[in-house]
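Peer 1: Make a model of this:
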Amino acid sequence: MLNDVAEQGKHKLVDCLKGDLMEPWHGGTLLIDAAKCREHDVYADVPRDHSPTDIAYGNRHEHHVGQLKFYGTAEKSATGLSKTKYEGMDKVAPKDQVDSIREIAGRRHDHFGSSRPDLAKQYDDTRVM
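Peer 2: This is a model prediction of the structure:
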């Protein structure tokens, strides 16, 4: 699957392609970790369609959907994760960007608080990722 994603994305910017490759990677590692722990009811699905869901995962008791952004900077990832269509989803970004993304989202939430409450809400959703 990773080769297919790489081939389909050969004309994309490298940061977008990294994100596309991370979707099946994270899904696969979740399943490997579950198998190692003998948790046989865990699932991970990477739809690769035009829906907002990059990954759906869970077990028989809970279901999650997530959006992954692996842009080159925390600023770009924060902006990408804060779109309305991703509200309420789990948000995944490079580990070295997460603290900065939360900080940026918090600042933007405060900045847009009274002038653009709709936008402030989206950044608040990202801030708590």
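
Peer 1: C-alpha only now, for contacts and for neighbours.
Peer 2: Noted.

Peer 1: so where's the protein shaky on pLDDT?
Peer 2: Residue ranges of the chain with pLDDT under 70: 1-2, 5-6, 9.

Peer 1: Can you name the next helix or strand after the longest strand along the chain?
Peer 2: If you go by DSSP state E, the chain has its longest strand at strand 63-68. Sequence order places helix 74-81 as the next helix or strand after strand 63-68, per DSSP states H and E.

Peer 1: Could you list the residues in contact with that following helix?
Peer 2: Residues from elsewhere that reach helix 74-81, judged by C-alpha atoms under 8 Å, 6 or more residues apart in numbering: 67-71, 91, 93, 97-98, 100-102, 104-105, 123, 126.

Peer 1: Just the buried residues from these, in PyMOL please.
Peer 2: The buried subset of those, as determined by 16 or more other C-alpha atoms under 10 Å, is captured in PyMOL by this line:
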select buried, resi 67+68+69+70+71+91+93+97+98+100+101+102+104+105+123+126
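
Peer 1: Contact partners for residue 85?
Peer 2: Counting by C-alpha under 8 Å, 6+ apart, residue 85 has contacts residue 52.

Peer 1: Residue 91 is in what secondary structure piece?
Peer 2: Residue 91 belongs to strand 90-92 when assigned by DSSP H and E.
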